[in-house]
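[1] Okay, structure incoming, though there's no sequence with it:
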């Protein structure tokens, strides 16, 4: 059975991140993608310029429209834009969702543009994280969620991982891509165990949307396998998408990964 996967997130007009990246990832991995838009974002490979958040009730109406008509096998949450939208999403998912939920807590763009106001972090922490099967923060997002300096070493990552897991999600994948080294090392905790997930670090400027792509891939795999297996397969998919990214010529900044590397010849 082909899984139906819903992404709740903001847009990227150049197609490398956000809803567009999620739908590409779902399609590349054999899932049927659906979308609920939280914000329309003006961005390109050079960074985020501005965004307009949609009305929270309208975001909720979109979620209801999907669940009232379509079987949803997994949900990914990306950019929620503000506290009211985060609250609206939580209310609808509490009512409707009986499936895995992956939360990618998009807070600050690579360009430094803040995509989630500080007052919304508490709503994400208190309402969305406890609903989530898996949360996938990077190091900067981990610092925001814990209201503390972000981890700057593998040892600090281990400490932060435990604190993040105590916020109430089933699993936490703390991504270490911002650290230096020949390998990109992430830490996964849940179900009473902690695992190290490592992959070769790919040298490419085309790294736009890596977080969106990884969490979308995990979400696409979750209907058919356990969390650890989904994370390992998704990490492998992203590594190959990065390794093939230089085949694309998109923009003059940090270009996108190659979502269809295994399909386009």
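    Cool, the structure landed. Here the structure is a predicted model, which is why all the values come from computation and not from measurement. Residues are numbered from 1 along each chain as shown.
[2] Flag the shaky bits of this structure, pLDDT-wise.
    Where the chain drops to pLDDT under 70, the residues are 110-112.
[3] Now do the strands in it.
    Counting by DSSP state E, the chain has strands at residues 4-9, 32-37, 39-44, 47-53, 74-77, 101-103, 134-135, 171-175, 183-190, 193-200.
[4] what are the phi and psi angles of the residue nearest to the spatial centre of the chain?
    Residue closest to the mean C-alpha point of the chain, counted by C-alpha atoms, centre = their mean, is residue 104 at 3.3 Å. Main-chain dihedrals, residue 104, degrees, to the nearest 10: phi -100, psi 100.
[5] Surely it is in contact with residue 75?
    No - under the criterion of C-beta atoms under 8 Å, residue 104 makes no contact with residue 75, lying 11.3 Å away. Every residue, glycine included, has its C-beta placed from N, CA and C.
[6] Return the distance of stretch 177-192 from the chain's centre.
    15 Å (C-alpha atoms, centre = their mean, to the nearest Å).
[7] End to end on it, go ahead and measure it.
    One end of stretch 177-192 sits 24 Å from the other (C-alpha to C-alpha, to the nearest Å).
[8] got the buried residues for it?
    177, 179, 184, 185, 186, 187, 188, 189, 190 (16 or more other C-beta atoms under 10 Å).
[9] which residues touch that stretch?
    The contact list for stretch 177-192 (C-beta atoms under 8 Å, 6 or more residues apart in numbering) reads 134, 138-140, 152-154, 157-158, 161-162, 164-165, 169-176, 194-202, 210, 227-228, 231, 235.
[10] Could you do stretch 226-239 as well?
    Against stretch 226-239 from outside (C-beta under 8 Å, 6+ apart): 25, 28-29, 133-134, 170-171, 173, 186, 188, 190-191, 195, 197, 199-200, 202, 210, 213-215, 217-218, 220-222, 225, 257.
[11] Which PyMOL command selects the buried ones in these?
    Buried members of these, defined by 16+ other C-beta under 10 Å, are picked up in PyMOL with:
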select buried, resi 25+28+29+133+134+170+171+173+186+188+190+197+199+202+210+213+214+215+217+218+220+221+222+257
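[12] quick one on the thing from earlier: quick one: closest of the strands of the chain to residue 84.
    Nearest to residue 84 among the strands of the chain is strand 47-53; the distance by C-beta to C-beta comes to 8.3 Å.
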